[in-house]
Each structure stands twice: as structure tokens, then as C-alpha cells.
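S.K.: Any chance you can model this:
(chains A and B)
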There are 2 protein chains.
Amino acid sequence: MKYKNKFLVILFTALYSIFQITDCNQQQSSDPLPSWNEGNTKQSIIDFVNEVTDESNPNFVKPEDRIATFDNDGTLWSEQPYYFQLQFALDRVKILAPEHPEWNDNPLFKAVLENDIKTVLSFGEHGLLELVMNTHSGMTTEEFSKIVKDWINTARHPKTNKLYKEMVYQPMLELLDYLRANGFKTFIVSGGGIDFMRPWTEEVYGIPSEQVVGSSGKVKFEMRDGQPVLVKLPEINFIDDKEGKPIGIHQFIGKRPIAAFGNSDGDLQMLQWTAAGEGKKLMVYIHHTDAEREWAYDRESSTGRLDKGLVEANEKGWTVVDMKNDWQKIYPKYLEK
Amino acid sequence: MKYKNKFLVILFTALYSIFQITDCNQQQSSDPLPSWNEGNTKQSIIDFVNEVTDESNPNFVKPEDRIATFDNDGTLWSEQPYYFQLQFALDRVKILAPEHPEWNDNPLFKAVLENDIKTVLSFGEHGLLELVMNTHSGMTTEEFSKIVKDWINTARHPKTNKLYKEMVYQPMLELLDYLRANGFKTFIVSGGGIDFMRPWTEEVYGIPSEQVVGSSGKVKFEMRDGQPVLVKLPEINFIDDKEGKPIGIHQFIGKRPIAAFGNSDGDLQMLQWTAAGEGKKLMVYIHHTDAEREWAYDRESSTGRLDKGLVEANEKGWTVVDMKNDWQKIYPKYLEK
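M.R.: Next comes the predicted model:
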């Protein structure tokens, strides 16, 4: 019996070792990007990750320099028929309207209150900015954060009837996980409002607030009843779009990315800035080609317009994701038709 | 022989397990802050860390919210007889002078070139800012980063004759490691220039560039020979001091710290902002009391003035580090007299 027990211990130890090795191999050989169809696009991403993480490869990059930056609207989640943050601003205008009788005499705000989206959009970027400034200020940063959290957990998209936070791209969630599992730090670098994104990016994308770069308004430090608060002002601090993206990357991250992902001409300078660094780089454009499962748009779109960027991507051999053919799924769970 | 081998395997496995457990216990019981003398100061830090990392404690904080912010000048490294970044600017003025004959007619720059520090300092903050603006702009961000790296690896302090980067506080290096080992993310939040700090904070403090918040100048995105560059402009973008510190924390980190460390009135708002959050917080002032091994100064100092902050710390029971009595060592290695 004494020896039998020892046999069992040895057997158990041996089985445990074998199990661990098997488990480890399974993890390595299983597909890290199951929602991506096989092909050049998927392969270009995997090849890049393999190269920069292989110490024996001349293109090896130390973990601390594995910086990947992602645009948000149209790259990590949908942006049609207009930026989701605009829907948030429209919803806020309606809630705040009773306190602002003067809005009835303002053609832009009047259009919002009458659900006349066409007129709202006709005011262009200037109009959107005015709506955002007026609805994203006048409260403390903590109050605003709570308002955003409430909205993101309840507001639904008119077409899909899904929560906006569910309209994130399953293949991109897998890509974020895959990069992080390979030692990358993943950042959002978005034209969207930084205070609008941060309350939910950790839950939805696994990206903590300090790794979110975005547009911002000014804030003011103030004492209220002996307690310090930060009050959001209706003034622009920084616009994180176009040339603003490399500037935002420099100010917030302080390192050049080795991989950058976007979907519009507003991301072109970020991709150029990434490409101009030394060593192996990965530049990826998401091309919205799937009118069935999502939306199809590029040159003619007012939201997420992709024109110059597509020309440059083709000239320089950047990776262009054809959503219709490269992605097996669009949204997580049961969102596809 | 067959059984004897199996005995050896079992013995080895058992010894290995015991060794692992012992090793683990040793790590836990060894002092994580060996350069801190025993006493209330050290204990207040250890008690705080134990509480917020203990899941059964009502003050438990999830790892992602364990944000600790550190001032740099006078908190992580010395700042006398004047901020080290000023010495960098003075050195730059001398190097750049041949290209700027007009500086000979400027009383501030003339004083720098004549090593008349007293006159330089008489220009006050405005003068320092002018020197910084003129020496920290006019080149690309990458060129500036290289200049800083060269300086930090060669420039020596006139009193200690040590590299400036060696004049960091050994007890604070231990504290940074201790907090990180307990799941904290450590950030610098300094009035110093962000582009001046980032090239060396990872090597010296283990703090990566994206966790450094500081003052900054504006930058401009530009194409040079088809390649994008960011050019540093002689214009202020953000001053990360006093009220600027909570604002910088909000803009860059987006979460309220649960622990904050400073040494001057310029850090007071950061400590107030930290203290005002819900749950257990740790606010620490480093008090420069050691004229022998470092410098002794507070209310009367032009650099790192600590007056209101000390009053508030005493009123509110914040931790005040008495450098002379609480720190067994000041600098790493053999820097003490």
C-alpha cells in the first residue's frame, strides 16, 4: 500500500505535467481571431504580431514599446446614421430643454426638439460642436460621468434596437485581446469626447481611462463647500482629429505607435505618423463595405468619410479590412440578421 | 533501484514545494521599504496599502482604481539650488548662443551667458518660462528627446558632482516598487516639462512615458520631405501646477488618485483633490528637513515652497515625511556623505 500510494503520487504528477503542456499547446494553436475570415488581411495582422514579438526576429519590439492606437467611431463601434455621441447630445438637449426656453428661438436647438435631424445635420461640424458644448458642460466632471454611464447602459440604436455599447465590432474586440495577450498596450485615439468615452471603455473594450485619448473641453478647478470640484466649461480644449491625432498621441502617450487602426480620413495623419517610425509597423483601415450587416460607405459619407486615406493605403500597401469579406461576424452575440 | 528512484522523485517534489512556500513567505515578510526608518510615517503608508489591497477590508480598492500620483521635483528627486530643468535650460542657452547674437542684448540671456544665476533668478517665474520656451522649441519632438537623453546621461550637479538622474530618492524608488507590487499604477504629475521628463522616467523610476503628466508647449504637425514630424513651438499649452494638477489628472488619467505625494504648495490642490474622493486615501508631503544629507527648506524657499500645504497637512492628519528622521538613506548607492 505504501508503494502504491507513491505510485499514485507519481502518476498524478506526471498526468498533471502532461495536462499542463497539452493545455498550453492548445492555447497556442487555437485561433486568436475566430471572427476574422482566413485571408491576406487576417494574415497580415498575425504576421506582424509574430514578427515584433519574436526575440530572434530583427523586427522584434520590446513590450514597453508595443503601442497600438485605435480610432473609436467606425473602427471599434458603428457610427451610422451619425456619431453615437451626437445621439447622446440630442437626448441631452431634450432633457435640458425645460431649463432653456431660449432654445425655442434657436434654429439648431429647435430642429433638435422637433426631431428634424436633416436640419440639425445641415449645420455641419459647427452645429454638432455647438450641441456638444452646450450639453457637455455646466456640471462637474463626476456628474457628467454619471450621466454618460446612465445613457450608455440604457440608450438604444433606432435601427438595431440594441444598446449602443453592444454595437461594437466582435472582430475588433478579439484583436484588442490578441494584441494585449502579446504584450501590447492598447489605446483609443478618437475625435470623440474623452469624457464621453472614459466612463465605459474599460467595461466594453478593456481599455482603462488613462489609455483613452480624445477631444476635450476645458475644465475649471473650484472649491464648493470646502470640497474641490472640476467644472466642465463650454470651451474647446483640444480637438483630437486629423493633425490632432499625432499631437494627441505625443501629448498623452509620448511614444510613437507601432500599430494604428482607423476608418476615415480623420485617421490618416495618425497612420502616417505611425508609418514614419523606424522598424516594422502595421497600419490598418477598416473599410465599411457591408450594407447588409452594417453600413456601406466611404467617399460620399458625411460621417467617417474615407477618400484620401484609401488612396494612400493602396499606394503604400497598408492593410485594408473589407468588412463584408474579412469579418465573419460584425457584432457580438446575436446582433447579425 | 526502481523504488529508490521514485523515492528521489517524491523527495525532490516535496522539497521543491517546501522551498517554494518558504520563498513566498520570505518575500512577504521581508521589509518592502528598507530605506525608511520604522515609525508612524512608514507605518501609515504600509497600513494604507494593506487596507486597500485586502479584499475582506471595507476599504478594499480594485486594482484598476489603485492610482498613485507623484510630483517629481522635490518629491522623487532633488530640486536645489534650483529646478534641475532650469540647469538644462541654462546649458542649452550656452550651446545655442552662437546662433543667437541678439541674446547679448537681452539682460536675462546675458546673465545666463555670464553665469550670473542671481540675476537670472531675479526674473522670477516669468524669466524661467522664457528660458524654457526658447530652449525647448524650434526642433522636432524626436530631436528634443535626444537632446534631453544626452543631457540626463552626462550632466552633473555642481554640489554633489553626481549625475542629476542619480539624485533621486532611494526611499521613493522603494515606495514606487512597493506600490506597483501591490497592483498600483504609478504616475508622475509634475509642473516640470512633460517632454523633459519622459525620455528618462522609465529607466530611472520605472514609470513609462504614458504615465507622465506635466507642463507642455504646443506642437505642430508638419510634412518634411514627405514625412510627418511634430515641431515644438515656443507657446505654452498647459501648466501642470497648483489647480493645473487636478486638471491634468482629469485630462490624462481620467480617474481620481487614491494616493498622492508632493512636497510643495504647488501640490496642495492635487492632495485636496485626492482627499475629496470616496473611500480610504493617502496624502503625503515630503518635508525637506535634512540640511546635512540633502537640503532643509520649506516656507522661505523660492523652489518647492511649502507653507499652506504644511498647515493643511497638520490640520487634516496627512502623512508628513521628515526626511532627516524618516529616511535612512537619501540617494541610491554611495551618494550620502
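S.K.: what helices or strands is the helix or strand encompassing A:Ser145 leaning on?
M.R.: Secondary-structure assignment from DSSP states H and E places A:Ser145 in helix A:141-152. Contacts defined by 3 or more C-beta pairs under 8 Å, 6 or more residues apart in numbering or on different chains; DSSP states H and E place helix A:141-152 against helix A:84-96, helix A:194-205, strand A:227-238. For glycine as for every other residue, the C-beta is placed from the backbone atoms N, C-alpha and C.
S.K.: Give me the secondary structure label for A:Val52.
M.R.: Put simply, A:Val52 is helix when judged by DSSP: H, G, I helix; E, B strand; the rest coil.
S.K.: For it, which non-adjacent residue is spatially closest?
M.R.: Once flanking residues are discounted, A:Val52 sits nearest to A:Val61: 4.3 Å by C-beta to C-beta, 6 or more residues apart in numbering or on different chains.
S.K.: dump the residue contacts of the one you found.
M.R.: Each residue near A:Val61 by C-beta atoms under 8 Å, 6 or more residues apart in numbering or on different chains is listed here: A:52-53, A:258, A:279-280.
S.K.: And it, how far from B:Tyr82?
M.R.: The span separating A:Val61 from B:Tyr82 equals 38 Å under the rule C-beta to C-beta, to the nearest Å.
S.K.: and the angle for the helix holding A:Ser145 with helix A:194-205?
M.R.: Orientation note: helix A:141-152 sits at an angle of 50 degrees relative to helix A:194-205 (axes from the mean of the first three to the mean of the last three C-alpha atoms, to 10 degrees).
S.K.: I'd like the C-alpha coordinates of helix A:141-152 written as CSV, please.
M.R.: Presented in CSV, the C-alpha positions along helix A:141-152 are these (Å, rounded to 0.1, in the frame of the first residue of the first chain):
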residue,chain,number,x,y,z
THR,A,141,-16.8,66.0,-14.2
GLU,A,142,-18.3,63.4,-11.8
GLU,A,143,-21.8,64.5,-12.6
PHE,A,144,-21.1,64.2,-16.3
SER,A,145,-19.6,60.8,-15.9
LYS,A,146,-22.7,59.5,-14.2
ILE,A,147,-24.9,61.0,-16.9
VAL,A,148,-22.9,59.2,-19.6
LYS,A,149,-22.9,55.9,-17.7
ASP,A,150,-26.7,56.0,-17.4
TRP,A,151,-27.1,56.8,-21.1
ILE,A,152,-24.7,54.1,-22.3
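S.K.: Any chance you could list what contacts it?
M.R.: A:88, A:91-92, A:136, A:139, A:163-165, A:195-196, A:198-200, A:219, A:229-232, B:250.
S.K.: hang on, the earlier thing: is it fair to say the residue nearest to A:Val52 lies in a strand?
M.R.: No - counting by three-state DSSP, A:Val61 is not found in a strand; it is coil.
S.K.: where's it relative to A:Gly254, distance?
M.R.: 16 Å.
S.K.: So for stretch A:45-64, what gets flagged as buried?
M.R.: A:45, A:48-49, A:51-53, A:61 (16 or more other C-beta atoms under 10 Å in any protein chain shown).
S.K.: need the contact list for A:Lys280.
M.R.: A:48, A:51-52, A:59, A:61, A:258.
S.K.: 10 Å instead, please
M.R.: Neighbour list for A:Lys280: A:47-48, A:51-52, A:57-61, A:258-259 [criterion: C-beta atoms under 10 Å, 6 or more residues apart in numbering or on different chains].
S.K.: And the furthest pair within the residues you listed?
M.R.: A:Pro58 and A:Ala259 (17.6 Å; C-beta to C-beta).
S.K.: Pretty sure A:Lys245 sits against A:Thr69.
M.R.: Yes - with contact defined as C-beta atoms under 10 Å, A:Lys245 counts as touching A:Thr69 (8.0 Å).
S.K.: Show me the common contact partners of the two, please.
M.R.: Common contacts of A:Lys245 and A:Thr69, defined by C-beta under 10 Å, 6+ apart, comprise A:189-190, A:213, A:260, A:262, A:267, A:270-271, A:273-274.
S.K.: Out of these, list just those in strands.
M.R.: A:189-190, A:213, A:260, A:262 (DSSP state E).
S.K.: Now which of those would you call buried?
M.R.: Among these, the ones that count as buried by 16+ other C-beta under 10 Å are A:189-190, A:213, A:260, A:262.
S.K.: Out of these, the closest to A:Val311 would be?
M.R.: Looking across these and measuring by C-beta to C-beta, the closest to A:Val311 is A:Gly262, at 14.3 Å.
S.K.: nearest residue to the closest one other than its sequence neighbours?
M.R.: Using C-beta to C-beta, 6+ apart, the nearest residue to A:Gly262 is A:Asp71, at 4.2 Å.
S.K.: how about the one you found, what does it touch?
M.R.: Contacts of A:Asp71 (C-beta under 10 Å, 6+ apart): A:79, A:188-192, A:240-241, A:245, A:260-264, A:266-267, A:270-271, A:285-286, A:304.
S.K.: Then A:Trp77?
M.R.: So, once contact is read as C-beta under 10 Å, 6+ apart, A:Trp77 ends up touching A:84, A:164-169, A:172, A:192, A:204-205, A:331.
S.K.: Of all pairs in those, which one is the farthest apart?
M.R.: A:Gly192 and A:Tyr331 (19.0 Å).
S.K.: A:Lys159 - how many residues pack around it?
M.R.: 11 (other C-beta atoms under 10 Å in any protein chain shown).
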